[in-house]
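J.: Fold the following for me, if possible:
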Amino acid sequence: QVQLVESGGGSVQAGDSLRLSCVASDRTYSKYCLGWFRQAPEKEREGVAAICSDGNTGYAESVKGRFTISQDNAKDTLYLEMNSLKPSDTAMYYCAAGPSVAAILAARVGAWGQGTQVTVSS
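T.: Sure, this is the predicted structure:
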């Protein structure tokens, strides 16, 4: 059973940076692609970024050039470095596992964590 635990959210000002972390259960990265989706109140899930063990990555257009996804397989940890944050980035961010980069960016995921809140004020 895949277990994912996120951390690193917070309240920041526009233009600030945050780094989210996600600790995955043992060697999840070898079985699934990992990534992040977000959901703001009264809005649908939005895939943000994803990475697979072959190094393939993908990003939503809205975050390209500002967010970077990476993983440390030795630590079973996934990261999302978020720079130049905007109020429109405000959402609950979920770490997720899925079959491909495209699936995660479409928020078609099979497992996700409890989420970490990111709030960006102007």
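
J.: how close does the residue nearest the centre of the chain sit to Ser122?
T.: With distances taken as Cα atoms, centre = their mean, the residue of the chain nearest its centroid is Trp36 (2.3 Å). When distance is defined by Cβ to Cβ, to the nearest Å, Trp36 is 23 Å away from Ser122. Heads up, the C-betas are built off the backbone N, CA and C, glycines and all.

J.: And the lowest-mean-pLDDT helix or strand in the chain, what's buried?
T.: Within the chain, confidence by mean pLDDT, DSSP states H and E is lowest for helix 28-31 among all helices and strands, at a mean of 86. Neighbour-count burial for helix 28-31 flags Thr28, Tyr29 (criterion: 16 or more other Cβ atoms under 10 Å).

J.: Repeat that for stretch 65-80.
T.: Applying 16+ other Cβ under 10 Å to stretch 65-80 flags Phe67, Thr68, Ile69, Gln71, Asp76, Thr77, Leu78, Tyr79, Leu80 as buried.

J.: can you name the farthest residue from the center of this protein?
T.: Most remote from the centre of the chain, using Cα atoms, centre = their mean: Ser122, at 22.2 Å.

J.: thought that one was touching Ala14?
T.: Yes: the criterion here is Cβ atoms under 8 Å, and Ser122 meets it with Ala14 at 5.0 Å.

J.: which residues are common contacts for those two?
T.: Common contact partners of Ser122 and Ala14 (Cβ atoms under 8 Å, 6 or more residues apart in numbering): Pro87.
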